[in-house]
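Chemist: Task: produce atomic coordinates for the following.
(one chain, ligands or ions: 1)
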Amino acid sequence: MSSHTYDYLDGNAAAGELSKVFSMDVTASQGQCAHCGATRPFAEAHLYMLCPGVVARCAVCEHVLLRLVNVRQRVFLDVRGMTYLSLDTPQLEASNDLDP
Ligand SMILES: [Zn+2]
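Modeler: Predicted coordinates for the structure are as follows:
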């Protein structure tokens, strides 16, 4: 057993936090790691929830993909670890149908 294992969840566990910022389900998106170039479903990211927010790391290289921190009445979102996120447009149309 490794002496430095950290408990993480998969990217799906970020759905609640990310839904505060995005109307679309980011966990259903594909994202490219800015560090190693791997393109993977966000749901496969390694998610760490030990801080006042969440940190998602690349499942391939463990580079930070996304950080979301709640501080008082603000949410800070850092996504510089991803080159892009790609989401299916049917999701956009579905979210437009939601009641306000
Ligand atoms: Zn990576």
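Chemist: What count of nearby residues applies to residue 61?
Modeler: Neighbour count of residue 61, defined by other C-beta atoms under 10 Å: 12. C-betas here are computed from N, CA, C, even on glycine.
Chemist: Where does it sit: helix, strand or coil?
Modeler: coil (DSSP: H, G, I helix; E, B strand; the rest coil).
Chemist: separation between the nearest residue to it once chain neighbours are set aside and residue 16?
Modeler: Once flanking residues are discounted, residue 61 sits nearest to residue 36: 4.1 Å by C-beta to C-beta, 6 or more residues apart in numbering. In this view, residue 36 and residue 16 are 27 Å apart by C-beta to C-beta, to the nearest Å.
Chemist: And residue 79, by the same measure?
Modeler: From residue 79 over to residue 16 (counting by C-beta to C-beta), the distance is 17 Å.
Chemist: neighbour-wise, which of these two wins?
Modeler: residue 79 (17 against 10).
Chemist: so the nearest residue to that one once chain neighbours are set aside bridges to which residues?
Modeler: Setting aside the residues directly before and after it, residue 79 is nearest to residue 66 in space (C-beta to C-beta, 6+ apart), at 5.1 Å. Residues in a beta bridge with residue 66, per DSSP bridges, are residue 56.
Chemist: Surely residue 66 touches residue 77?
Modeler: Yes: between residue 66 and residue 77 there is a contact at 7.4 Å, judged by C-beta atoms under 8 Å.
Chemist: quick one, which of those two is more surrounded?
Modeler: residue 66 (25 against 14).
Chemist: wait, what's in contact with residue 44?
Modeler: 10-11, 59 (C-beta atoms under 8 Å, 6 or more residues apart in numbering).
Chemist: do that again at 10 Å, thanks
Modeler: Contact analysis of residue 44 by C-beta atoms under 10 Å, 6 or more residues apart in numbering lists 10-12, 27, 30-31, 38, 56, 58-60.
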